[in-house]
Every structure is written in structure tokens, then in C-alpha cells.
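S.K.: quick one, what's the 3D model for this:
(one chain, ligands or ions: 2)
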Amino acid sequence: MAGTNVDVHGLEPEAFLDEVHSFEFWFQSVEGYLSGLDHGRRPETPEAPLSGVERERLITVLCNYCVGETAALEGSGGLIQIAPNRASKIFLSTQTVDEGRHLEVLVQRLRELGVEEPEAEIPLRASRSLMEFKRRLLELVRGRDWVAAIFAQNVILESMEFAVFQMHASSADDRTRELLEGIIKDERRHIGFGENELGRRIQEAPYTRDRLSVIRDELDALVLRSFQETMDAVGTPREERAELARNYLRAVERLGFA
Ligand SMILES: [Fe+2]
Ligand SMILES: [Fe+2]
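M.R.: Ligands and ions are numbered 1, 2, ... in the order given. All right, here's what the predicted structure looks like:
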């Protein structure tokens, strides 16, 4: 491990991967934006006044986020077993910690909003397609399909969360916005790992791209349907719906998986 205060861009490729996948690097990344926070937000941030309808909508949206984060938590934990090398296993252990934190702060936010039993509330409000996405991701992990599972999790699921959280953060109440901003910073790191890992595999074996595009068709349909179901449930205006789908598709295409 190269240690603290190293310019990672000056390292050889192997040493670079060791460094950016390390706990050391993870800790330096998160301490800047997590220290001093209480459950992902500043302790002094006041609760914004929400109407009954706004509160209900927020609870439904947060319950769906909890499903996505649980999928990522279980997925990244399971992927440690099939990761092909030490650096990936260590990176996935940092991702597992991140996803556990995301789930925890979202559940805490549900409690603040008056949900007494988040565990019972989440499945009642979760989109069926998102639950199906979670089932499919974990099936790929259990099937020990490294390339497909990393694609499903660190490209598709992460791009979906990135698009949704960014859009939501731009209009959210202060407490929700602060915790989403911290989550988005972690999701960027997770996307970076997926992009790097798959980019190298596609270079080594170009047919990987065809395989991923078949999986992408299947999962895109679930992602877009889950947007639809959640936005139906919370009554999102038409323009925002189209924008969200566009942002998601753009995020995946930016990673070179057009
Ligand atoms: Fe997450
Ligand atoms: Fe993530």
C-alpha cells in the first residue's frame, strides 16, 4: 500500500489499483465529508415543515431507496467471495461498509419522519420491479457470475441511484438533501470501480461487451419500470419523469455501455 498523501496518478497501473481500492484510500475519502455528522447530516439542521402529503411521498421514496441500498449491501458483501483478486475484495469490503451506512441513515430518516417500524413499512411501499431487480442481482452473485454481477451492481444499480439521488437532492428538504449528498459521493466511488473493472475486462475479451448488452436490456427494463411505479405512487410531474429516465440512461452510456 502506498500510504498517505501519495499522488495516485503517478503510480504504475498495478500500484494505482492497490491504492485506490484500499481501506487507507477509502478512509481518506470519507473522513472529509462524514466527520462531525449525525446519521449522515449536520446535527443542527432543522426539520423542514412538511405537509401530510409531502411526508407520505418522502416516506415512499425513502422506502424504495432502502430496497436499493439493501440490494447493494447484500450484493457487495456477497461479491467479496467471488472477487478475482485481493484489491477487489478489499474494495468491496469498503463498499459493503458504505452501503450499510446508506441503509442506516435512510432508516434513521424514516424514523425521524415518524415511521415506527421501517422494516415493516419498506416492503409495503417498495416498487415490485425494484424488488425484482434486487432478486436478479443477488441471483447473479449467487451464480458466481463476476462480470454480470459487477455490471448489474456497480454500473446499473449505481447509475440508477446516482441519477435518482442527484435529482432528489436538488429539491429535497435540508435534512434529506444533506444525507443524499454524502451518499452520492460514495456512489461515485462505486461507479468508478465498476467502470475500471469492466473496462479492463472488455479490453481483454471484447465479446464481454455483447454479453453485458444482453444483461443491460433485461435490467434497464426493470430500472425504468421501477421509476415508473415509484413516480406513480408519489405523483411525479410528467417532465421530471422523462428527465429522470434520461439522466439514468445517460449515466450508463457515459461509462461506455451504450
Ligand atoms: Fe449506496
Ligand atoms: Fe453504492
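S.K.: touching ligand 2 at all, the one helix or strand R135 maps to?
M.R.: Secondary structure from DSSP states H and E places R135 in helix 128-142. No: shown here: helix 128-142 not in contact with ligand 2 (Cβ under 5 Å from the ion), separated by at least 12.0 Å. All C-beta spots, glycine's among them, are computed from the backbone N, C-alpha and C.
S.K.: report the buried residues of that helix.
M.R.: Across helix 128-142, burial judged by 16 or more other Cβ atoms under 10 Å covers S129, L130, M131, F133, K134, R136, L137, L138, L140, V141.
S.K.: which two from those residues end up farthest apart in space?
M.R.: Largest separation among these by Cβ to Cβ: S129 and V141, giving 18.9 Å.
S.K.: by proximity to ligand 2, which residue of the stretch 151-258 of the chain wins?
M.R.: Going by Cβ to the ion, ligand 2 is nearest to H190 of the stretch 151-258 of the chain, at 3.8 Å.
S.K.: residue contacts, that residue?
M.R.: A72, Q95, D98, N154, E158 (Cβ atoms under 8 Å, 6 or more residues apart in numbering).
S.K.: and E47, how close does it get to ligand 2?
M.R.: Computed as Cβ to the ion, to the nearest Å, the E47 to ligand 2 distance reads 26 Å.
S.K.: what's the burial count for the closest residue to that residue other than its chain neighbours?
M.R.: Closest residue to E47 apart from its sequence neighbours, by Cβ to Cβ, 6 or more residues apart in numbering: R175 at 6.2 Å. R175 sits with 19 neighbouring residues when counted by other Cβ atoms under 10 Å.
S.K.: please report phi then psi for R175.
M.R.: Main-chain torsions, R175, degrees, to the nearest 10: phi -60, psi -50.
S.K.: count of residues packed around S127?
M.R.: Residues lying near S127 (other Cβ under 10 Å) number 23.
S.K.: which secondary structure element contains the residue lying closest to it once chain neighbours are set aside?
M.R.: When the adjacent residues along the chain are set aside, S127 lies closest to E229, with 3.9 Å between them (Cβ to Cβ, 6+ apart). Using DSSP H and E, E229 maps to helix 208-234.
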